[in-house]
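Student: A predicted structure for the sequence below; I have some questions about it.
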Amino acid sequence: MELDPLLLSRMQFAFVVSFHAIFPVFTIGLASYIALLHGLFYRTENPAWDRLALFWTRVFAVVFGMGVVSGIVMSFQFGTNWSNFSYASANFLGPMLSYEVVTAFFLEAAFLGVLLFGRGKVPQGVHLFAACMVAFGTFISSFWILSANSWMQTPAGVDLVEGSFRVLSWGEAIFNPSFGWRFAHMVMASFLTGGFVVAGVSAWYLLIKRDVEANRRALSMCLWLLLVLTPAQAVIGDFHGLNTLEHQPTKVAAMEGNWETRGNVPLLLFAIPDQEAQANRFEIGIPSLASVILKHDPAGVVPGISEVPREEQPPVWIVFWAFRVMVGLGLLMIAVSVAGLWLRRGGRVYEHRGFLQVLRVMSVTPFVAVLAGWIVTEVGRAPWLVYGMMSHAQGLTPSLTGGMALFTLIGYVAVYAVVFCAGVYYLTRVVRQGMLPEDERDTVEGVVHRPKRPLSAAHASFDNDSAPTWRR
Amino acid sequence: MEMFDLSVIWALIIGFGVIMYVVMDGFDLGLGILYPFAPDEDARDVMMNSVAPVWDGNETWLVLGGAGLLGAFPLVYSVFLPALYIGVFLMLAGLIFRGVAFEFRFKSRRNRRWWNRAFCWGSAVAAFAQGAVVGAYIQGFAVKDFAYVGGALDWLTPFTLLTGLGLMTGYALLGATWLILKSEGHVQAWAYRIAPALLVAVLVVFAIISLWTPFVNPDVWARWFDRIQLIWVFPTLAMASAAWLWSAVHRRQEGQPFVATLGMFIFTYLGLVASKWPVIVPPDYTIWDAASAPESQLFLLIGVLFVIPIVLAYTAWTYWVFRGKVKVGEGYH
């Protein structure tokens, strides 16, 4: 069998970017949560907030470090496997990606060090300011990346001259049609991720009865937050979908599994899309509901997949099922948040072991939902790399062979497997070590000479045979 | 806008980024290469502790360089990376492993041996790959219609093997002289012992490379030998730095050997740049051919001019905070 460099490159990019995305999705939400904790401590002087902030800052340090390591590869991927695309779109994407790097470095240079290592060395207000700036910086970073991605989905403000894009209007290109909703949807997803992870870890601590007082506060705060955010995300997602319907109708058609342009389109709960037959098998759906959602009218006509020729269609079953995974998990998140509100009566929410176990498990779901969402939007625009202007095949590196792509694909999987296992294993040790006891809060920062690297802020030991480093 | 040639400004910025990376990440890669030869585990602790506070700041220049190339000279980005496909992968894998090893070695006892190996191999592979990249740059690339058309292993020739080896010994020398500056006692004595041997190795390899280069690339021959020019000042200064290094080590100076090694690196680098300028994708494309649109270069320039001073200040501050000797048993972890 001939190795296909195009397919292998797409697999490699999907793997590397999915692996990388896990970390920033979490850190963006967590950074805001840490800033919030710092703010609460500043206002109330309650040490519980401070201990929580300290604990989550250590988790943040490890996750941020892993995000940086896995991100380095990203900045070279465009050139190695997609050199034609890089060359053609460099006038716009070059500055966008560079600004992301510039923002990240500025953030790290100026504020991350103060947040991680400045505790007790700078005034409390300055520390709070640094925490806010780190949170703000993570938004700016994702601003650039999401603008670049949105531009590839809905290109604007450029002109294709002699095989390369020239920027006519930076404003139109940066704030392209799909950017606003995508950014809102993603930021909300980051908040949900941070919220469910914090809720899950707090629930686990409550289950084993550790630091009950602080963790009750954390859990309560998270549940209020999630009660607002989960339905809000559903609304934003809906608007994002309508925006996609306007600019990328084929993608929405694939999400709905709707092959023909017609009215009264059902909302399919289950189906096996068959690309060969250009139809679904085993459909189970709610009549006309998709038309109502997309057109606010049961008879509303929705474009079908067959509007475009076979070779311009995305692989429908991937988009169809990834979308159902994302929406299903989203609905589950809403249900859990509402259940939390109901259990508040009489304070059962902190005692109900079944609910706390559910929360523990739920901490994984935002990551799955985010990856599923990205699969929907990225696979759904196939075969286009820059929508309607450049296909995946046109963007590929011409000199790339299947063997080369396979070699590096296996290589990156191997490297990341080692790094990821070590990182996650270490993260579980940080969490197990838990919050520092009240009286040791201030002695931890006593080590004056501390390297300014994110991971070194975590203190926990890598294996069982040595004491936690903050006790040495 | 006509007053400034943005491409020249960008070439200076990228050039500055490259040399910053080479001299700042070079010594910690060098320490990784020297790692298995260290006299004992105490020495290894000192070596790692001497670079622990600064190494990841050093690598920011690499990422900034990569992203800056895409923004300012997309042709370089879209020719070098496909042409050096396997080498780039090896370099990134090496850098990732040594980065992770750095963090976890301190936090680990039982698994320390494995993190030591990851640190050493990661450093060695990354250094070799970077040296091979320099060699491939001197050789030039097969480019047609602004895209690389050569094979996967075109970059791997006897010449690039030698330049890879050359940069490994060069980095090792930087590492050894850095250790002279930062250590004391038996660790420093060891560093003093290996520095002259490494210097001889570097000089031999670089002499071969220098004699070989004009044959690999006739344009370089023409530039150096057609008429005697000002550029001969660079190799002269590099040799003077080498002589200074030799005498400084024998006079048991602590700071001078490192500075002299930096001098060797910087003047060799300037010599290389001078023999290629203004060609940036050899053999044919100049910085103006490789440039992105002027409005893109300008847009990015604003942000980069803003951030470079901050990164420099932050870097300087970090080095200042962690100045002085690293003692055995005194950890940063």
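Tutor: Arrived safely. A quick note: this is a predicted structure, and the numbers were derived from the prediction, not measured.

Student: going by C-alpha atoms from here, please, whenever you check contacts or count neighbours.
Tutor: Fine.

Student: quick check: which element contains residue A:56?
Tutor: Assigned by DSSP states H and E, residue A:56 belongs to helix A:47-81.

Student: who touches the helix or strand hosting residue B:104?
Tutor: Using DSSP H and E, residue B:104 sits within helix B:85-106. With Cα atoms under 8 Å, 6 or more residues apart in numbering or on different chains as the test, helix B:85-106 has contacts from A:69, A:72-73, A:80, A:404, A:408, A:412, A:415, A:419, A:455-456, A:462, B:48, B:52, B:56, B:81, B:111-112, B:115-116, B:118-127, B:129-130, B:132-133, B:152-153, B:333.

Student: what average pLDDT does it get?
Tutor: Helix B:85-106 shows a mean pLDDT of 85.

Student: tell me the angle of whichever helix or strand comes after it relative to helix B:85-106?
Tutor: Next in sequence after helix B:85-106, counting helices and strands by DSSP H and E, comes helix B:112-139. Interaxial angle, helix B:112-139 versus helix B:85-106 (axes from the mean of the first three to the mean of the last three Cα atoms, to 10 degrees): 150 degrees.

Student: that older thread, quick check: angle from the helix holding residue B:104 to helix A:47-81?
Tutor: 160 degrees.

Student: which part of the stretch 201-350 of chain A gets nearest to chain B, residue-wise?
Tutor: Relative to chain B, the nearest point of the stretch 201-350 of chain A is residue A:201 (23.0 Å; Cα to the nearest Cα).

Student: give me the nearest residue to that residue, chain neighbours excluded.
Tutor: Residue nearest to residue A:201 in three dimensions, not counting chain neighbours: residue A:360, with 6.6 Å by Cα to Cα, 6 or more residues apart in numbering or on different chains.

Student: please see if the longest helix along chain A touches chain B.
Tutor: Assignment by DSSP state H gives helix A:5-44 as the longest helix of chain A. No - figure legend: helix A:5-44 not in contact with chain B (Cα under 8 Å from any Cα of the partner chain); closest approach 12.4 Å.

Student: helices or strands next to that helix in the packing?
Tutor: helix A:47-81, helix A:124-153, helix A:179-207, helix A:365-379, helix A:402-433 (3 or more Cα pairs under 8 Å, 6 or more residues apart in numbering or on different chains; DSSP states H and E).

Student: deepest of these, which one?
Tutor: helix A:179-207 (a mean of 23; mean count of other Cα atoms under 10 Å in any protein chain shown).

Student: residues contacting residue 289?
Tutor: The chain I'm using is chain A. Counted by Cα under 8 Å, 6+ apart, residue A:289 has contacts A:264, A:265, A:266, A:267, A:298.

Student: can you look at chain B instead?
Tutor: residue B:75.

Student: that one in helix, strand or coil?
Tutor: helix (DSSP: H, G, I helix; E, B strand; the rest coil).

Student: how about residue A:264?
Tutor: coil.

Student: which residue is the nearest non-sequential neighbour of it?
Tutor: In this structure, residue A:264 finds its nearest non-sequential neighbour in residue A:288, 4.1 Å apart by Cα to Cα, 6+ apart.

Student: show me the shaky parts of the stretch 301-450 of chain A.
Tutor: Within the stretch 301-450 of chain A, the stretches with pLDDT under 70 are A:437-450.

Student: need the residues of it near chain B, please.
Tutor: Counting by Cα under 8 Å from any Cα, the stretch 301-450 of chain A comes close to chain B at A:397, A:398, A:399, A:400, A:401, A:404, A:408, A:412, A:415, A:419, A:449, A:450.

Student: correct me, but the first one touches residue B:82?
Tutor: Pointing back at residue A:397 there. Yes - shown here, residue A:397 and residue B:82 form a contact pair, counting by Cα atoms under 8 Å, at 6.8 Å.

Student: who touches both of the two?
Tutor: A:79, A:80, A:81, A:83.

Student: for chain B, see how far away the third one is.
Tutor: Between residue A:81 and chain B the distance is 7 Å, computed by Cα to the nearest Cα, to the nearest Å.

Student: picking that back up, now flag whichever of the shared contacts of residue A:397 and residue B:82 is closest to residue A:13.
Tutor: Closest to residue A:13 out of the shared contacts of residue A:397 and residue B:82 is residue A:81 (8.6 Å), distances taken as Cα to Cα.

Student: which residues touch the nearest residue to the closest one once chain neighbours are set aside?
Tutor: Counting by Cα to Cα, 6+ apart, residue A:397 is the residue found nearest to residue A:81 once chain neighbours are left out, at 5.3 Å. The contact partners of residue A:397, taken as Cα under 8 Å, 6+ apart, are A:79, A:80, A:81, A:82, A:83, A:84, B:82.

Student: go on, residue B:216?
Tutor: B:138, B:139 are the contacts of residue B:216 under Cα under 8 Å, 6+ apart.

Student: what does it show for phi and psi?
Tutor: phi -70, psi -40 (degrees, to the nearest 10).

Student: check residue B:73 too.
Tutor: In terms of degrees, to the nearest 10, the main-chain angles of residue B:73 are phi -130, psi 70.

Student: my read is that it contacts residue B:293, right?
Tutor: No - Residue B:73 is beyond contact range of residue B:293, at 9.3 Å (criterion: Cα under 8 Å).

Student: more neighbours: the two, which one.
Tutor: The residue with more neighbours, out of residue B:73 and residue B:293, is residue B:73; 29 against 21, by other Cα atoms under 10 Å in any protein chain shown.

Student: give the contact list for the more buried one.
Tutor: Contacts for residue B:73 were tallied using Cα under 8 Å, 6+ apart; they are B:287, B:290, B:291, B:292.

Student: burial measure for the second one, as a count.
Tutor: Counted with other Cα under 10 Å, residues neighbouring residue B:290 total 22.

Student: tell me the contacts of it?
Tutor: Contacts of residue B:290 (Cα under 8 Å, 6+ apart): B:73, B:74, B:75, B:76, B:280, B:281.

Student: residues near the fourth one, how many?
Tutor: Around residue B:76 there are 25 other residues, counting by other Cα under 10 Å.

Student: got a list of what it touches?
Tutor: So residue B:76 contacts B:69, B:70, B:280, B:281, B:290 (Cα under 8 Å, 6+ apart).

Student: which stretches of the stretch 101-250 of chain B form strands?
Tutor: B:143-144, B:147-148 (DSSP state E, counting those that start in this stretch).

Student: assign residue A:155 to helix, strand or coil.
Tutor: Following three-state DSSP, the label given to residue A:155 is coil.

Student: and it, its phi and psi?
Tutor: phi -60, psi 140.

Student: show me what secondary structure element comes after the helix or strand in which residue A:214 is found.
Tutor: According to DSSP H and E, residue A:214 maps onto helix A:212-247. Using DSSP H and E, the next helix or strand after helix A:212-247 towards the C-terminus is helix A:249-256.

Student: list the residues that contact the residue lying closest to residue A:327 once chain neighbours are set aside.
Tutor: Spatial nearest neighbour of residue A:327, excluding adjacent residues (Cα to Cα, 6+ apart): residue A:369 at 7.8 Å. Residue A:369 sits next to A:325, A:326, A:327, A:329, A:330 when contact means Cα under 8 Å, 6+ apart.

Student: equivalent analysis for residue A:360, please.
Tutor: Applying Cα under 8 Å, 6+ apart, the residues near residue A:360 are A:199, A:200, A:201, A:203, A:204.

Student: got the CA positions of the helix or strand hosting it in CSV?
Tutor: Secondary structure assignment for residue A:360, by DSSP H and E: helix A:353-362. Only the C-alpha atoms of helix A:353-362 are listed here, as CSV (Å, rounded to 0.1, in the frame of the first residue of the first chain):
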residue,chain,number,x,y,z
ARG,A,353,-21.4,10.6,47.9
GLY,A,354,-23.0,9.6,44.6
PHE,A,355,-23.1,13.2,43.4
LEU,A,356,-19.5,13.8,44.5
GLN,A,357,-18.4,10.7,42.6
VAL,A,358,-20.3,12.0,39.5
LEU,A,359,-18.4,15.3,39.8
ARG,A,360,-15.1,13.4,40.0
VAL,A,361,-15.8,11.7,36.7
MET,A,362,-17.2,14.8,35.1
